[in-house]
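*Asks:* From the sequence below, what's the structure:
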Amino acid sequence: MLRLIAICLIGITIGINAADAQSRRQIDATPFSHAPCSVLDGQPCMPSFCSVFNDGPCIPEIDYPYGQNLQLTIESVPPKDQAAKYRKPDHDLDSIGDLFAALRSCWTPPPADSAREGMQMSVRFSFKRSGEIIAAPRLTFATAGVPADTRAIYLKAINASLDACKPLKFTGELGGALAGRPIAIRYVDNRDLKKQAEKP
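*Replies:* Down below sits the predicted model:
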């Protein structure tokens, strides 16, 4: 009798391990799959709904691969293969991609004579449903060792660029989805300032 119970337990363990390996393969193959999570699923698991058995905060899967904190990098010189992502849409903004393209298109870096090559600066802010910015963008990062006056020049350029861009025209759906959500933008000055200085 004990031998039969032991054999059953071994069979159940093998079955669970096989199911776990299969679910891991499915998750690896389809990282944004909408399949619901199971108690047999491996980690990470991205649920499409919240369960009463969750013992922590539950973040259901969303329809697009963006996190809760929207993060965007804007380069002063757009990569050649991403020029379309730096073109402002000619319609009301209806998606996160539209928003990012509009924000990229607004960026005007400081003049070369007052800029610093490789400078990076990040700001964080939120939008109202109407497309207005709730408050002045808050500085969250600046390249280490940069003088205060250089930081001030870049922060002024960031604020001027955002001011020139607003108010952004959101569709009702996007405005409702974005209202109050934090947006972090990292500005990277990747211009070759030495070459620009050498030009007559």
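*Asks:* Which parts of the chain are helices?
*Replies:* Under the criterion DSSP state H, helices of the chain are mapped to 2-29, 96-106, 148-165, 172-178, 193-198.
*Asks:* pLDDT averaged over the last one - what is it?
*Replies:* When pLDDT is averaged over helix 193-198, the result is 69.
*Asks:* neighbouring contacts of stretch 125-140?
*Replies:* 93, 121-124, 151, 155, 158-159, 162, 166-170, 175-176, 178-185 (CB atoms under 8 Å, 6 or more residues apart in numbering). Placement of C-beta: from N, CA and C, glycine included.
*Asks:* switch to 7 Å and redo it
*Replies:* 122-124, 155, 158-159, 162, 166-170, 175-176, 178-184 (CB atoms under 7 Å, 6 or more residues apart in numbering).
*Asks:* averaging pLDDT over each of the helices of the chain, which comes out lowest?
*Replies:* Lowest mean pLDDT within the helices of the chain: helix 2-29, at a mean of 55.
*Asks:* Report the backbone C-alpha coordinates of stretch 77-92 in CSV.
*Replies:* Taking C-alpha atoms only, stretch 77-92 is exported to CSV below (Å, rounded to 0.1, in the frame of the first residue of the first chain):
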residue,chain,number,x,y,z
VAL,A,77,20.2,63.3,-33.2
PRO,A,78,17.6,60.6,-33.9
PRO,A,79,18.9,57.2,-35.0
LYS,A,80,18.7,56.9,-38.8
ASP,A,81,16.3,53.9,-38.5
GLN,A,82,14.0,55.7,-36.1
ALA,A,83,13.3,59.0,-37.9
ALA,A,84,9.6,58.2,-38.1
LYS,A,85,9.4,58.0,-34.3
TYR,A,86,10.6,61.7,-34.2
ARG,A,87,7.8,63.0,-36.4
LYS,A,88,4.8,64.6,-34.8
PRO,A,89,1.5,62.9,-35.7
ASP,A,90,-0.9,65.0,-37.8
HIS,A,91,-3.9,63.9,-35.8
ASP,A,92,-5.1,63.8,-32.2
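*Asks:* Now it: average pLDDT?
*Replies:* 91.
*Asks:* From the contacts of stretch 125-140, list the buried ones, please.
*Replies:* Neighbour counting with 16 or more other CB atoms under 10 Å marks 122-124, 155, 158, 162, 168-170, 175, 178, 183-184 as buried within the contacts of stretch 125-140.
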